[in-house]
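> no FASTA, just this:
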């Protein structure tokens, strides 16, 4: 294959690399543009001069956001929901997966439980009964509505079960013969050995928590209790106008003169992207394990 | 007769005793492994509260539910809500849009992922391959709010893309405001967001192809495209079949969050899907109170068909590609 590169082969290669380069740039340019808008002056943004490089660099949009109390509280809510949400979820899922993974034990009723899980995963009552259920449970307008209802991700549970099953059975036997209780076996033997699957599940659900916005918008009325992405949603869609008036008012008072509604939206987009970029190298390591997760995500 | 009775008794007795023995075994197993049951309690509570309790709530699809009267007092109306939906113009529009958008996404998305994986597979410079993969996979991990916000910036009539369109001498395209264009905006932005990650599974499948096959093909005089056609593509064919099967289950999910971020009343005719319709009718309320019962009925219709489709897709995946969840 190497060495015998003919002219036509070289042309094919050139076209191939060029195409791939263009494809990669098509994924990067939008972010570059958005970053530039967030850093450009009011005049340049209004005149739509900004393309891939900021014009009249300033930080007014970011300074505006830092004093925006809703933005600050929404950022805090998002961080909190990732930490608490992933914590609760992981604990719940390993504890559920353990008994379901011990096929060699005779535990009556386990198959029934698995069927319940499978049915719960594949069938749902739909959005409105779900909303009404959360309302009746008193979860609406609380922080807990963001972390408790999605804690049991059945697909992740199945993934963990399958991983636990792949662990050498002798380890389990040895631990039990040594007199370890089931909880000890789970936390001292199974969990330390399952790092790849647990890291995958933790990372993917952290990303999911960070990215969730719909639950905040419909289950919580007050915008001050929303996570960041819900706030961003309201800013890039319906409430852009409100922002426009706020920005004009600030500008009339000589503060943040270079801030623009577009600039604020793009600044927020970048801030919301940043945490994903930070975990991205770790995510990449678990892509292939995560694949099976992705194929079922809706 | 006596002999017959004897045989009968002989046949019956072990069965009776086996039932007793099984009962004893169950009791002993439960007594011995009760911590395992304790471990399942939290999940059972979660299932009951957030999966089965809402499922029971679908009954309001058969009622004329009003929050003031509550569940018990609201009168039963049979299938009236379903009839109301299917008699309305919205039903055809919403179902047609859902199918068009989601089939478009599945077909073009799979196609793009396979082609992209095949292209990457031909790259010999490791670093280049890594960089391309890194930048193309990133959008998959960002929310539709972020991507939508970027799209509004880039695709607006005065945005980056349209300034190129105008520079070429064409009229600006209203990607988000023209009902004829909007579904394609949805489809292509979804393909753009997902093709990089979609290719990962094919690239993983490619690594398991035996390199000797390539050498054998080269010896047989197969060129670059010959090798791709006769070795690479057959090698990933099972994966393609599997992904096709699994995507069948999601055919009614045309991308709720994406549409919700990007659509507006101007493009409802071609961009409104079942999920957004349910959301608007059942929770937001269009011009008045939300119609919980109608929203639930439409949602239930989708859930039932969706459940059948996903069961079918799992069955097909098991049959055709040996894939099982449990």
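Great, that's in hand. Since we're looking at a predicted model, the values are computed, not measured. Numbering: from 1, shown residues only, chains lettered A, B, ... in the order given.

> who touches the residue in the stretch 1-150 of chain A positioned nearest to chain B in this structure?
Distances between the stretch 1-150 of chain A and chain B by CB to the nearest CB are smallest at residue A:126, namely 2.7 Å. Every C-beta, even on glycine, is put in place using the N, C-alpha and C of the backbone. Shown in contact with residue A:126 (CB atoms under 8 Å, 6 or more residues apart in numbering or on different chains): B:54, B:58, B:278, B:295, B:296, B:299, B:300, B:302, B:303.

> Now do the same contact list for the last one.
Applying CB under 8 Å, 6+ apart, one finds that residue B:303 lies in contact with A:123, A:124, A:125, A:126, B:58.

> Where does the prediction get shaky in chain B?
Counting by pLDDT under 70, chain B contains low-confidence residues at B:1-20, B:287, B:325-326.

> if we can go back for a sec, so which of the contacts of residue A:126 wins on neighbours?
Highest neighbour count within the contacts of residue A:126, by other CB atoms under 10 Å in any protein chain shown: residue B:296, with 31 neighbours.

> That residue and chain A, how far apart?
Distance, residue B:296 to chain A, by CB to the nearest CB, to the nearest Å: 5 Å.

> What helix or strand is that residue located in?
Element membership for residue B:296, per DSSP states H and E: helix B:292-321.

> related to what we said a few turns ago, secondary structure and distance to residue A:117 added to the contacts of residue B:303, as a markdown table?
Output for the contacts of residue B:303, formatted as a markdown table (DSSP: H, G, I helix; E, B strand; the rest coil; distance: CB to CB, whole Å):
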| residue | secondary structure | distance to residue A:117 |
| --- | --- | --- |
| A:123 | coil | 11 |
| A:124 | coil | 13 |
| A:125 | coil | 16 |
| A:126 | coil | 19 |
| B:58 | helix | 19 |
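
> Out of those residues, which is nearest to residue A:218?
Nearest to residue A:218, judged by CB to CB, of the contacts of residue B:303 is residue A:126 at 13.4 Å.

> how about the spatially closest residue to the closest one that is not a sequence neighbour, what does it touch?
Among residues not flanking residue A:126 along the chain, residue B:299 sits closest, at 2.7 Å (CB to CB, 6 or more residues apart in numbering or on different chains). Applying CB under 8 Å, 6+ apart to residue B:299 gives the contacts A:125, A:126, A:127, A:128, A:129, B:58, B:61, B:278, B:282.

> Return the member of these nearest to residue A:194.
Nearest member of the contacts of residue B:299 to residue A:194, counting by CB to CB, is residue A:125, at 32.5 Å.

> Report how many residues lie close to the closest one.
24.

> Could I get the pLDDT score of it?
Residue A:125 carries a pLDDT score of 89 in this model.

> so where does the closest residue to it other than its chain neighbours fall, helix or strand?
Using CB to CB, 6+ apart and skipping the chain neighbours, the partner closest in space to residue A:125 is residue B:54 (3.9 Å). Per DSSP H and E, residue B:54 falls inside helix B:53-57.

> show me what contacts residue B:307?
A:122, A:123.

> State the distance from it to residue B:183.
Residue B:307 is 26 Å from residue B:183, where distance means CB to CB, to the nearest Å.
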